[in-house]
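Engineer: Sequence and computational prediction follow.
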Amino acid sequence: MTTAVKTDAALFELALRMGDNALILAQRVGAWCGHAPILEEDIALANVALDLIGQTKMWLGLAGEIEGKGRSADDLAFLRDARAFRNSLLVEQPNGDFAMTLMRQFLFDAFHHPMLVGLKSSADARIAEIAEKAEKEARYHRERSEDLVIRLGDGTEESRARMQGALDALYPFAGELALADAIDAELATRKIAPDLAAIGARVCDYLKTVFAEATLNAPWDAAVRKGGKQGAHSEELGYILAEMQWLQRAYPGAKW
Amino acid sequence: MTTGVSTRPSTKEVWSWLEGVPDPEIPVVSVVDLGIVRDVAFEGEELVVTVTPTYSGCPATSVIALEIEAALRRRGMERIRIKSRLSPAWTTDWISEKARLKLKAYGIAPPAHGARCVGDLKNPVVECPHCGSAATEQVARFGSTPCKASWRCRDCLEPFDYFKSF
């Protein structure tokens, strides 16, 4: 008789949440390749997506290892259905115009960086070393998105109006990233992940500073749109997966 | 015939072979110059080369592993394992002085020192690799590969790549 290895469910969820956020945002941002308003931003968007894909490989690779059922990072990316994805609703929101893409990136970066800094001290060494690697990249992403949010927010009448519109539309989705559920609470108690409430407070302070400089007004009291972390997604995710997973679903195991 | 311990190359010798493996994207510098090779050791008869990725999504990472293996096979090594290590995370502070000069001669401004101090990452002083002027400015934070940013010189007006401090 063999003893079944029990999966550490909370740890598995954390690796999926981190990996799926990176994967879905990368898939969204990558769609800009060849279509961005200027060449420099086209290159920046593609590079940000590339970093996030690299991070996805590490997180989902770890998720498969924790699960212990032999699933690889590719299996998890290409062969799960929407309800099994654990990304926040923010990252699956449509690209819209450049203001929407940039604001979505900035709201994500604002959370992603301090979250990774917190995970660098994780009691799980595998989590800590992925965070150490990804944190440097996330810091660089945040420098770019912060700079552009300020320049376009405090820019022309047109750019300001678009950035304000993007902020009004997307801010309600940002709160989910730092909203703790029972899994987050367990991970914080076990010192595997930082306390999300503390991360959320830091993110809020940071956003206030940047938006003041960008002359933008966030709808601070808007109701938080949530559910993605637990697998309840908006209709957007199905379309993303249909495109992203099509090849592996139609031709299982295809390689080049 | 068996390969005895006496015929095994020293790790120092292996390091010198790896010095000859060029980076696939910036071939003037080697994978050792860039600080990608972290360790060389024998585990029994197996040669274990530990490498670290530069950027987590860098497409050159798998090519680098392949080229290291090919170079060692050309030297007659048969049992080789390439091991990946994430921590400590790669930093441009590991790029050798020799490599910095080679980058500059190739037209790429080498990274500013002190990448590990967060405060130093912003606004580095970057000298134009063409004319040496310090009157340069960033055009974009990203460039032709994950490790580079796009800059230009305000004196000679030439655009150039900056190997970003990271």
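Structural biologist: Okay, I see it.
Engineer: State the mean pLDDT of the longest helix along chain B.
Structural biologist: Longest helix of chain B, by residue count under DSSP state H: helix B:60-74. The average of the pLDDT scores along helix B:60-74 is 94.
Engineer: which residues does the residue of the stretch 1-150 of chain A found nearest chain B contact?
Structural biologist: Residue nearest to chain B within the stretch 1-150 of chain A: A:Gly54 (2.7 Å; Cβ to the nearest Cβ). To be clear about C-beta, it is placed using only N, CA and C from the backbone, and glycine gets the same treatment. Each residue near A:Gly54 by Cβ atoms under 8 Å, 6 or more residues apart in numbering or on different chains is listed here: A:Glu137, B:Pro53, B:Tyr55, B:Ser56, B:Gly57, B:Cys58.
Engineer: Residue ranges in chain B under the pLDDT threshold?
Structural biologist: Residue ranges of chain B with pLDDT under 70: B:1-6, B:114-122.
Engineer: For it, which segments are assigned as strands?
Structural biologist: B:37-43, B:46-51, B:80-84, B:108-109, B:136-140, B:148-153, B:159-163 (DSSP state E).
Engineer: ok, and the closest non-adjacent residue to residue 164?
Structural biologist: Just so you know, I chose chain A. Sequence neighbours aside, A:Leu216 is the residue nearest to A:Gln164 in space, at 5.6 Å (criterion: Cβ to Cβ, 6 or more residues apart in numbering or on different chains).
Engineer: that's the other chain; I wanted chain B
Structural biologist: Closest residue to B:Lys164 apart from its sequence neighbours, by Cβ to Cβ, 6+ apart: B:Ala149 at 4.6 Å.
Engineer: Am I right that the one you found is in contact with B:Phe166?
Structural biologist: No: B:Ala149 lies out of contact with B:Phe166 (Cβ atoms under 8 Å); the separation is 9.9 Å.
Engineer: Which one of the two is surrounded by more residues?
Structural biologist: A direct count of neighbours by other Cβ atoms under 10 Å in any protein chain shown for B:Ala149 and B:Phe166 places B:Ala149 higher, at 26 against 21.
Engineer: Overlap of the contact sets of B:Ala149 and B:Phe166?
Structural biologist: Residues touching both B:Ala149 and B:Phe166 (Cβ under 8 Å, 6+ apart): there are none.
Engineer: What's opposite the residue nearest to B:Arg38 when sequence neighbours are not counted in the beta bridge?
Structural biologist: Spatial nearest neighbour of B:Arg38, excluding adjacent residues (Cβ to Cβ, 6+ apart): B:Thr50 at 4.6 Å. Assessed by DSSP bridges, B:Thr50 has beta-bridge partners B:Asp39, B:Lys83.
Engineer: and B:Thr50, what does it touch?
Structural biologist: Under the criterion of Cβ under 8 Å, 6+ apart, the neighbours of B:Thr50 are B:Val37, B:Arg38, B:Asp39, B:Val40, B:Ala41, B:Lys83, B:Ser84, B:Arg85.
Engineer: okay, now the fourth one: neighbour count?
Structural biologist: Which is B:Val40. B:Val40 has 20 neighbours, counted by other Cβ under 10 Å.
Engineer: Check the second one too.
Structural biologist: Residues within reach of B:Arg38, counting by other Cβ under 10 Å, total 15.
Engineer: now the fifth one
Structural biologist: Other residues near B:Ala41 number 12, with proximity taken as other Cβ under 10 Å.
Engineer: Would you mind measuring from the closest residue in space to it that isn't next to it in sequence to A:Leu52?
Structural biologist: Closest residue in space to B:Ala41, ignoring its immediate chain neighbours: B:Val48 at 5.3 Å, by Cβ to Cβ, 6+ apart. Distance of B:Val48 to A:Leu52, given as Cβ to Cβ, to the nearest Å: 30 Å.
Engineer: and the residue in the stretch 151-256 of chain A positioned nearest to chain B, how many neighbours does it have?
Structural biologist: Nearest to chain B in the stretch 151-256 of chain A, going by Cβ to the nearest Cβ, is A:Arg151, at a distance of 12.7 Å. Neighbour count for A:Arg151, taken as other Cβ under 10 Å: 12.
Engineer: Tell me which stretches of chain A form helices.
Structural biologist: Under DSSP H, chain A gives helices at A:9-30, A:39-67, A:73-78, A:89-92, A:98-119, A:125-153, A:157-174, A:182-189, A:196-213, A:236-250.
Engineer: So for B:Ala70, which of these sits nearest?
Structural biologist: Closest to B:Ala70 of those is helix A:39-67 (Cβ to Cβ; 23.2 Å).
Engineer: which parts of that closest one are buried?
Structural biologist: A:40-67 (16 or more other Cβ atoms under 10 Å in any protein chain shown).
Engineer: go on, stretch A:221-237?
Structural biologist: Of all the residues in stretch A:221-237, those buried under the rule 16+ other Cβ under 10 Å are A:Arg225, A:Lys226, A:Gly228, A:Lys229, A:Gly231, A:His233, A:Glu236, A:Leu237.
Engineer: Let me see the mean pLDDT of it.
Structural biologist: 97.
Engineer: again with stretch A:23-37
Structural biologist: On average, the pLDDT along stretch A:23-37 is 96.
Engineer: One more: stretch A:102-119?
Structural biologist: Averaged over stretch A:102-119, pLDDT sits at 98.
Engineer: where's that stretch relative to the chain centroid, distance-wise?
Structural biologist: 8 Å (Cα atoms, centre = their mean, to the nearest Å).
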